[in-house]
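Participant: only the shape, not the letters, is given here:
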Ligand SMILES: [Zn+2]
C-alpha cells in the first residue's frame, strides 16, 4: 500500500504592470522665472518611457520616449520639451524688445507723454532691464516730471534694482505731487523695511498711509512693519 501523496495546492502570482521611468536629457537647462513657483530657477529637460514590468522589474518599453521639463526649485513638471520653452522665451523677448523700440520712438515724437513713458518703464522692469528703464526716465524728463505715476514707477524700478535710497527719493517726489498715491506709500514702506539698516518707524508710517489710501495688501504690510518695529 502506498501512502497517498499529499498534494500542495499550487500557489503563485505573477505581478506584472507598467511603470514610467524618468531620465535626464542632454539639452542645456533654461534659466527663467518658473511659471509655477515664480522663483528664478533652471528648467531642465527630462524624458520618460513607460515600461512593462514583471515583479516590478522593467522588461521592455511600452512607449517611446516622451519629453517634458522640470523646475529645479519646485519640481513642477511641464509637458513640453525644454527647447520649446527656450524658443517661446526668445520669441517673447524679441517681441517685447520690438514693443520697447516702438514705445521709445513714440516718446521721441511726443516727449511729454507720461503714459507712454510709464508703459516703457514697466515693460523694461518686466524684463528685469532696470538700467534701461532708468535711462528711459532720464531721456524723457518732461514726461517724468509731469506724472506722479511715472515717479512712483521709477521708484519701483530703483527698488527692484536695490537702490533703496534713490527709490525712496522718487516715492517722495511722487507723493509731493499727490499725497494720496497709495502705491508710492506702499513701496516706500517696502524700501524702508528692506533698507540696510531698516527704518521700521518710517516703514510703519508709510504703510499706514498706504492703508489709508486703500492700497491692496497694505494692511498685511503694516502688520509686518509694526511687528518688526516692536522687535519681533
Ligand atoms: Zn518652480
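Facilitator: That came through, no problem. What you see is a predicted model; the values in this text were computed from it and never measured. Numbering: from 1, shown residues only.
Participant: tell me which parts of the protein are close to the ion?
Facilitator: For the chain, the residues in contact with the ion (Cβ under 5 Å from the ion) are 34, 36, 37, 71, 73, 74, 76. For the C-beta atoms, the positions are set from N, CA and C on the backbone; glycine is no exception.
Participant: in the protein, where is pLDDT below threshold?
Facilitator: Along the chain, the parts satisfying pLDDT under 70 run over 1-12.
Participant: what's the local residue count around residue 231?
Facilitator: 6 (other Cβ atoms under 10 Å).
Participant: excluding chain neighbours, what is closest to residue 19?
Facilitator: Once its chain neighbours are removed from consideration, residue 19 has its nearest residue in residue 53; the separation is 5.1 Å (Cβ to Cβ, 6 or more residues apart in numbering).
Participant: so that neighbour bridges to which residues?
Facilitator: Here residue 53 sits in beta bridges with residue 17, residue 58, going by DSSP bridges.
Participant: quick one: it from residue 46, how far?
Facilitator: Spatial separation of residue 53 from residue 46 under the definition Cβ to Cβ, to the nearest Å is 20 Å.
Participant: let's see which of the residues of the chain next to the ion end up in helices.
Facilitator: Members of the residues of the chain next to the ion lying in helices (criterion: DSSP state H): none.
Participant: about what we covered before: counting neighbours, what do you get for the residue nearest to residue 19?
Facilitator: Other residues within reach of residue 53 by the criterion other Cβ under 10 Å amount to 17.
Participant: my guess is it meets residue 14, correct?
Facilitator: No - in this structure residue 53 lies outside contact range of residue 14 using Cβ atoms under 8 Å: 11.0 Å.
Participant: which of the residues of the chain next to the ion are buried, as a PyMOL select command?
Facilitator: Applying 16 or more other Cβ atoms under 10 Å to these leaves a buried subset, and the PyMOL line that selects it is:
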select buried, resi 34+71
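Participant: just the ones of the residues of the chain next to the ion in strands?
Facilitator: Residues from these lying in strands, with DSSP state E as the criterion: residue 71.
Participant: list the buried residues for the biggest helix by length in the chain?
Facilitator: Secondary structure of the chain read by DSSP H shows that its longest helix is helix 82-109. Buried residues in helix 82-109, counting neighbours by 16+ other Cβ under 10 Å, are found at 82, 85, 86, 100, 103, 104, 107.
Participant: for the fifth one, what are its contacts?
Facilitator: Under the criterion of Cβ atoms under 8 Å, 6 or more residues apart in numbering, the contact list for residue 103 reads 116, 119, 120, 123.
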